[in-house]
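Q: coords please:
(chains A, B, C and D)
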Amino acid sequence: MDFGLSSEQTLLSDTVGRWTESECKSTRIRQIVESSDGHDRDLWASLGKIGVPGLLIPEVHGGAGLDVLDLALVAEQFGRGCVPGPFLGHAMATSALIAADHSQACARWLPPAATGEKILAFALGEEIGTWEPAQVGTSFHEGGLHGLKPLVAGAEIADALIVVARDSEGPGLWLVERDAPGLTTTPLSGSDGTRRVAALRFDGTPAQKIASGTSAAERARDLGLVLLAADAFGGAWRCLEMTRDYALTREQFGQTIAHFQGVKHQLADLTTALAPACSLWWYAAHALDQIPEQAPRHAALAKSHLTEIFDDTVRTSIELHGGIGFTFEYDLQLWFRRALFDRAYLGEARYHRERAATLAGWPA
Amino acid sequence: MDFGLSSEQTLLSDTVGRWTESECKSTRIRQIVESSDGHDRDLWASLGKIGVPGLLIPEVHGGAGLDVLDLALVAEQFGRGCVPGPFLGHAMATSALIAADHSQACARWLPPAATGEKILAFALGEEIGTWEPAQVGTSFHEGGLHGLKPLVAGAEIADALIVVARDSEGPGLWLVERDAPGLTTTPLSGSDGTRRVAALRFDGTPAQKIASGTSAAERARDLGLVLLAADAFGGAWRCLEMTRDYALTREQFGQTIAHFQGVKHQLADLTTALAPACSLWWYAAHALDQIPEQAPRHAALAKSHLTEIFDDTVRTSIELHGGIGFTFEYDLQLWFRRALFDRAYLGEARYHRERAATLAGWPA
Amino acid sequence: MNLSYSEAYQAFRAEVRAFLTANWTDADRASDPAPDPVKASLGSVVRADPRASEFRRQAIAAGYLYRQVPRRYGGAEQPADTLKATIITEEFKRAKAPAEILGQGPSMLVPTLLAHGTEEQRERFVEPTLLGQIRWCQGYSEPGAGSDLASLRASGVLDGDHWLVNGQKTWTSNAAEAKWMFALIRTEPGAPKHDGITYMLIDMKTPGIEVRPLRQLNGAAHFSEVFFTDVRVPRTSIVGERGRGWSVSRSTLKAERALIGNAGFARQIFDGTLALAQLTEVRGRKAIEDAVIRDRLTDLESRLLAAELNGYRLLTTNARGEDPGIFSLVAKLHTSTLFYDIARLAMDISSDRGLLAPGEPTAPFSGMLFEPYMTYYALAIGGGAPNIQRNVIGERGLGLPRDARL
Amino acid sequence: MNLSYSEAYQAFRAEVRAFLTANWTDADRASDPAPDPVKASLGSVVRADPRASEFRRQAIAAGYLYRQVPRRYGGAEQPADTLKATIITEEFKRAKAPAEILGQGPSMLVPTLLAHGTEEQRERFVEPTLLGQIRWCQGYSEPGAGSDLASLRASGVLDGDHWLVNGQKTWTSNAAEAKWMFALIRTEPGAPKHDGITYMLIDMKTPGIEVRPLRQLNGAAHFSEVFFTDVRVPRTSIVGERGRGWSVSRSTLKAERALIGNAGFARQIFDGTLALAQLTEVRGRKAIEDAVIRDRLTDLESRLLAAELNGYRLLTTNARGEDPGIFSLVAKLHTSTLFYDIARLAMDISSDRGLLAPGEPTAPFSGMLFEPYMTYYALAIGGGAPNIQRNVIGERGLGLPRDARL
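A: The predicted structure follows:
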């Protein structure tokens, strides 16, 4: 038994970490945040070169055929670096497509998705706070999809959408192309400029059914939860380091504030909450890879716990920075917004804790 | 408008404070805690001399005819001093008796209750976690009371009990005397030796009906909540002071631990939570006196909030004391147990917060 | 304790109401030349246009506004009466009439001038400040100083009849709109740290002053940096003695803490959050019906009530001339922690829609809750960072020793 | 990452199971001369009677217990393999067979002797300690010292072939049952604080030793005070060099932190609390059906899982010979905070019955939850108070400067 990363995983993590440091400095993040669609084609192409868009995609389709844990390590580094772009939606959508195992759709879309040439997004939630594939109302009838997906990450720039909907047989997955008629995409203004969301409206939109049932969609949802948890961990760790570094340089009353035990203990308490929680998303990712029956519950626990810790960490980081932490000019604000997204997207902590209770079989 | 104590109230509070300091030192508290019935007749008689047992009782019946706020100030000092005895149950029972306004029962029981010569107790809750007069199952039929009251404060030593029960007309109050046939009193071992509880069993016990309806019982319950809140405030404040004093004398690494900013900030955080919450029980007591329609909700909020703060304060106090805080020999343990009682008796915080939500009319 | 209104006070309320009916009409209510919904949502009417100034003069004459300021400086000079003050506040809000101007001029500079200013300064500045005709900003914080005012570096050197001021201030609220700044400037470089600072009044139009707005997380620019390059300030434009600015400023800081500790804003965002819970349907039922939300709301309401009632307590001790002690020292930290926790609950009630920005139509309350969530941080930072508050509570409130100085 | 059991490990499990079937029978299980329900509830069989010692010898010979201790000192001397260790623990628990003795002798003294002891000390003490034949207590804390070991005052003065020991130790676990104490004694009064301390082994039967139990909040007496009056300890009865006890003891402290950081006890009280929620009916429904209780339970379960999985991570880094860094430093504080919060939830689930003492029939679980609630405090205090942990995390984990020394 071994609960640790392989040397290949450490190498992958380091590689992505170095990539974010060299390619995704805060000036570039700010440019992307202020751009109209939040998408930097060069940045995405550069990610394609190191294989990130196709990490999960089987080698036969041009991907790296790696595990969810590998992808989660990338998400951790993206949270650390506050990397903007369509990574989350693309990962969920490719995961759904792989799980759907529809040979024609896989053959057509996975190879360009693996290189990043085509971007995918995943449309699941409809009703506020609900991300259950079995509960979607969007339906396929009379030759097209009908319905509304009000909060789809990466939808505006996606070349194709994997949509959770239903037909007379029940829930399933449909594939919709960017230029399909009857598809309206409304970009929304979100508090986090690094992960854009849009509302999608389907009015008889032609779509290809690629799977029946909910299992592929559930897997994609659980993957999304794990990626958000890993992102939150990386983001929180970065805030902690920024605050530590600030405390080591900021002088007050003739000494650095790192000398104040009050500051030291606040940072120690944040670290104590954060460090052990790393294992939660490691395990949830591992469960998606190896122990799928445990994955939904562990993904829910990891997402709820890590995103709350991220928020706590940002709060204390801003307090310890004082006024400077509250400005656009200082980078901390990028993670403040990142934390808001991680916390809210795919459902708030209370929702996932209740899901975890139900998944444990506790009578309600 | 004036939200402060009158000079008479300040004097009352100081008087009781001086009484606890001189009459109720920790050696005496420990003796009482280790006694079989937790009742020190001399201590109670001494309280009778300063008028505490009859504070609420109208002057016509030999009491002081004071307000709930005055009584709550006594409860605060009792929490501060960890005063053992039947104060809580006696106060609730006399309040119920006064509100019942049954002339014969008042004439017989209030004068000796005012001097402390007779001790009363109040029997309300039955089902675990429920303290609603309208929901009792104990009933009066065939000439006697039938039922079980599993958790009655001060019951073992009470000369008479005010019992919430029901008959064919609905809920009401009955008066039961100590030596009534069919009354079984089972003292229980509680975690707090300063406020004893007992289970009461009625098997056709003769009883005098003194009121119909629930209003007198509700008022007594709300009074109990306010007294526990005030007790918790006084207890928490004392723990804070003990810990402050300990920090000022305990040396570590060549200086008192009060010099450590970590310790200072923990004490400051406790104070910040505690000090403003004083106003909660002041206001709830005032509401019982002057704005009765607001009393149930404010009593619920005060009880839930203050008893949780007391528990938090004890926790940090013990941590800051280190090993010594965890021993019988050190007085802190008396308040640790006091906090457990304040928190649990008459219902836990979650119960009263839900009650407050319902009383606000929030749809459930 | 007496929270009720006696007949005398009921008569006073009728009198205020009659005054308002006569002097602030529907037409006046509609006459705001530049209505600001965000500021209006702060609960009192803060407009300072000529019509509002005219009304304020009448209200001062009637004894309703600036009751603690002497008549000769433009106040109403009334005996302290917190009940009357509460009635006035309630009735002015009800009538949507211009109330006392909030902000740093009336609440911080005016008490300082009354305590330490020259007769000429009082006559020149107090009344126009109370009427909103002169707006002030505060020049205390500097880069690298923050709460540690003793380490200020912006300097003033006497050059004939003027101070030559150089340096930089930061976290200056409303610097762009302010006509004047009250600032702490180091004038005696050889003196010990706490000495050598002078409290100075600076006309923001003086050449050599440059204001650069600092954008905040919520996109607004409440704060600025202010740069001074050879700014010439008249020699007489100081409050109190030269080099005594540290102690002169302390009365102001005390006023600031009271202002920020005020629970009014916490009440406002709590009520907003409660309304959000009652209106937002999550997973097929109203958020208010969710036991977890109810539990958190009532828990927060207890803390809010504690803050509000503690405020009444402070008003009472104040009116009685008693020392509020620790109950005053903790107010700000207690309330700023509360802001955050309320705003966090609001985000949770909004569920996944909480990530939408203000103004987005599908955001609950159009994302209005995002604003208070952000504003918490500004409030937590204003008036001294939380750790400074903790030191003050520990040292002045609990009698713990001061931190070791390295 | 590989949490699965390969065929080789499945075979190993079968082998362990066969050993247990052959060597620890139902009769053995029933043979405990002094069963202690509280200790048994700690999850592993800790009895140390002759039958248990005999079984342990067999289990050591088979390679199942004390796998890191060399054969020549009575251990099994096996290569590190956390998976095999986990299998052994699981199977021994399943069979209710005597496992490794917990406590301060095997977990703290033995590693110290292996690292710093003389050959004679190892031969004399290690094996009997592993078999539970010699029980140890730890003599570190003193009144007025606590976590600050550098300020110890109990003194040893060399008098011919013996140390003459005088002074007092406190918070000594199991002093009444222990045959021996390993203690830190100041032997070089002139030396700087951290020097001058010697690690000493003291026979508790030596004349001049008095043990006074300290009763705890839960009524138990796990801790004692130990008084030394002219106690004569043989000159050779020290570990490592004279005056080097500070560094000798650090290997032991490290072991203590790992012991207390272990999430096993947190799991036990969490499972108890979960069972309590499933069994306790409050206000007409099971506590587990209450949304607030469910929310708190799953929140705590996340923290518990984090603690457990972090423990696996530490085992893995340990097995790989890597430095666990901050993930090890935080474990104890993380877990002790968790103890308290779980126990507090258990009290809330018990509602008003939570105030009843252990053993009271109408208390939920007969008041069993009161015990863990209390035990949290002992655990939080053991191994250094939380603030000391925070300093260690901040300084060694985050690289923050040491506290100012006045």
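Q: Confirm for me that C:His162 is in contact with C:Pro234.
A: Yes: between C:His162 and C:Pro234 there is a contact at 6.0 Å, judged by C-beta atoms under 8 Å. C-beta here means a position set from N, CA and C on the backbone, and glycine is covered the same way.
Q: Those two: which is more packed in?
A: A count of neighbours by other C-beta atoms under 10 Å in any protein chain shown puts C:His162 above the other of C:His162 and C:Pro234, at 17 against 14.
Q: what residues are up against that one?
A: C:Arg232, C:Val233, C:Pro234, C:Arg235 (C-beta atoms under 8 Å, 6 or more residues apart in numbering or on different chains).
Q: how about 6 Å then?
A: The contact partners of C:His162, taken as C-beta atoms under 6 Å, 6 or more residues apart in numbering or on different chains, are C:Arg232, C:Pro234.
Q: what do you get for the one 4 residues further on?
A: Applying C-beta under 6 Å, 6+ apart, we find C:Asn166 in contact with C:Ser155, C:Phe228.
Q: strands paired with the helix or strand encompassing it, and their directions?
A: Assigned by DSSP states H and E, C:Asn166 belongs to strand C:162-173. Using DSSP bridges, strand C:162-173 pairs in its sheet with strand C:155-159 (antiparallel), strand C:223-234 (antiparallel).
Q: which stretch among those strands comes nearest B:Ala217?
A: Nearest to B:Ala217 among the strands paired with strand C:162-173 is strand C:223-234; the distance by C-beta to C-beta comes to 56.5 Å.
Q: Show me which positions of the closest one end up buried.
A: Of all the residues in strand C:223-234, those buried under the rule 16 or more other C-beta atoms under 10 Å in any protein chain shown are C:Phe223, C:Ser224, C:Glu225, C:Val226, C:Phe227, C:Phe228, C:Val231, C:Arg232, C:Val233.
Q: and if you look at stretch C:95-108?
A: C:95-108.
Q: now, the most widely separated pair of these?
A: Every pair of the buried residues of stretch C:95-108 checked by C-beta to C-beta; the farthest is C:Ala95 and C:Met108, at 27.1 Å.
Q: Can you find the helix or strand in the chain with the smallest mean pLDDT?
A: I went with chain A, as the question did not name one. Between all helices and strands in chain A, the lowest mean by mean pLDDT, DSSP states H and E belongs to strand A:251-252, at a mean of 80.
Q: wrong chain, I was asking about chain C
A: Within chain C, confidence by mean pLDDT, DSSP H and E is lowest for helix C:37-40 among all helices and strands, at a mean of 45.
Q: send the alpha carbons of the helix or strand immediately after that helix in the chain over as CSV?
A: Using DSSP H and E, the helix or strand that follows helix C:37-40 in sequence is helix C:50-61. Only the C-alpha atoms of helix C:50-61 are listed here, as CSV (Å, rounded to 0.1, in the frame of the first residue of the first chain):
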residue,chain,number,x,y,z
PRO,C,50,-28.0,73.5,-1.7
ARG,C,51,-31.5,72.3,-1.0
ALA,C,52,-30.2,69.7,1.5
SER,C,53,-27.9,72.3,3.1
GLU,C,54,-30.8,74.7,3.5
PHE,C,55,-32.9,72.0,5.1
ARG,C,56,-30.1,71.0,7.5
ARG,C,57,-29.8,74.6,8.6
GLN,C,58,-33.5,74.6,9.5
ALA,C,59,-33.2,71.2,11.3
ILE,C,60,-30.2,72.5,13.3
ALA,C,61,-32.1,75.6,14.3
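Q: Name the residues of helix C:50-61 that are buried.
A: C:Arg51, C:Ala52, C:Ser53, C:Phe55, C:Arg56, C:Ala59, C:Ile60.
Q: So for the first one, what's the pLDDT?
A: The predicted structure scores C:Arg51 at 91 on the pLDDT scale.
Q: Can you give me every residue that contacts it?
A: Applying C-beta under 6 Å, 6+ apart to C:Arg51 gives the contacts C:Ser31.
Q: Check the chain for its longest helix and report it.
A: Just going to use chain A. helix A:215-249 (DSSP state H).
Q: actually chain C
A: Chain C, longest helix under DSSP H: helix C:291-320.
Q: just the angle between that one and helix D:291-320, please?
A: 100 degrees (axes from the mean of the first three to the mean of the last three C-alpha atoms, to 10 degrees).
Q: circling back: what would the buried residues of helix C:50-61 look like in a markdown table with distance to C:Glu77?
A: Output for the buried residues of helix C:50-61, formatted as a markdown table (distance: C-beta to C-beta, whole Å):
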| residue | distance to C:Glu77 |
| --- | --- |
| C:Arg51 | 25 |
| C:Ala52 | 21 |
| C:Ser53 | 19 |
| C:Phe55 | 19 |
| C:Arg56 | 15 |
| C:Ala59 | 14 |
| C:Ile60 | 9 |
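Q: and which of these is nearest chain B?
A: C:Ala59 (20.9 Å; C-beta to the nearest C-beta).
Q: which residues sit in contact with that closest one?
A: C:Leu65.
Q: tell me the strands in chain A, going along the chain?
A: Using DSSP state E, the strands of chain A run over residues A:120-123, A:139-141, A:144-153, A:160-167, A:170-177, A:183-188, A:197-205, A:208-212, A:251-252, A:255-256.
Q: what does the longest one contact?
A: Taking contacts as C-beta under 6 Å, 6+ apart, the residues outside strand A:144-153 that touch it are A:88-89, A:121, A:123, A:125, A:137-139, A:165, A:195, A:197-202, A:204-207, C:352, C:362.
Q: Select only the buried ones of the residues you listed in ChimeraX?
A: Burial among those is assessed by 16+ other C-beta under 10 Å; the matching ChimeraX selection reads:
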select /A:88,89,121,123,125,138,139,165,195,197,198,199,200,201,202,204,205,206,207 /C:352
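Q: ok, which of the contacts of strand A:144-153 also contact chain B?
A: When the contacts of strand A:144-153 are filtered against chain B using C-beta under 6 Å from any C-beta of the partner chain, no residues are retained.
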